[in-house]
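Colleague: predicted model follows, preceded by the sequence.
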Amino acid sequence: MAPTTTPPGPGPASEVVLRARGLIERGERWRARDLLVESLDQGDAATDALVLLGEVLYSMGDLPAAGAAWFGASVKGPEVDVAMTAWRERYHDDVVRLWESLPRSVRAEPRPPRVEALRARALQLASPDEDGDEGSGGFDAAQFVAWVVAALFVVCAVVGLVEILRWMVPQV
């Protein structure tokens, strides 16, 4: 059963979809996938292209990528559910990584409500919390080690400079 969505609209994305369908009929799914991905990377956010990309990826066995495409297209169906589950599992439900895995055109404005909700959650988790998660006064071992290494570097640079000056300036 194919995912359900709205019928494709006119435009350049529809031409890409027609070309991709022709490639699929000739048994060249990988070329169809590449054509659709290229079209989506160039900003063509047509739902029909996303749906077809999801179908191609699903038929090729790349369920997580199919789930990302279908998420962006807001389609429904049993295959979509399986693919979206695989997509979430691949990224361990890490919202930031899920957001980054969406095709570029899906992340561009305007975004469907569910994509916008994912973006908002990803931004919230990617930026420091205003309640003080960053700079809360806790001990940061990595920062301490960086400061120690920097101090050692400065000490070594000063000692080295003094030695070089001793070599260059005659002693009286």
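Modeller: Happy to help now that I have it.
Colleague: can you list the weak-confidence ranges in the chain?
Modeller: Residue ranges of the chain with pLDDT under 70: 1-13, 43-45, 128-138, 172.
Colleague: dump the residue contacts of the residue nearest in space to the middle of it.
Modeller: For the chain, the residue sitting closest to the mean C-alpha position, by C-alpha atoms, centre = their mean, is E100 at 1.9 Å. Contact partners of E100, counting by C-beta atoms under 8 Å, 6 or more residues apart in numbering, are A122. Quick note: C-beta positions are derived from backbone N, CA and C, even for glycine.
Colleague: number of nearby residues for the closest residue to W99 other than its chain neighbours?
Modeller: The shortest distance from W99 to any non-neighbouring residue, by C-beta to C-beta, 6 or more residues apart in numbering, is to A122 (3.8 Å). Counted by other C-beta atoms under 10 Å, the residues lying close to A122 total 19.
Colleague: list the contacts of A122.
Modeller: Here A122 is in contact with V95, V96, L98, W99, E100 (C-beta under 8 Å, 6+ apart).
Colleague: swap in W99?
Modeller: Shown in contact with W99 (C-beta under 8 Å, 6+ apart): R107, L118, R119, R121, A122.
Colleague: G61 belongs to a helix?
Modeller: No. According to DSSP: H, G, I helix; E, B strand; the rest coil, G61 belongs to no helix; its state is coil.
Colleague: okay, the contacts of W99 in TSV with distance to D140 and secondary structure next?
Modeller: Output for the contacts of W99, formatted as TSV (distance: C-beta to C-beta, whole Å; DSSP: H, G, I helix; E, B strand; the rest coil):
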residue	distance to D140	secondary structure
R107	32	helix
L118	30	helix
R119	29	helix
R121	26	helix
A122	24	helix
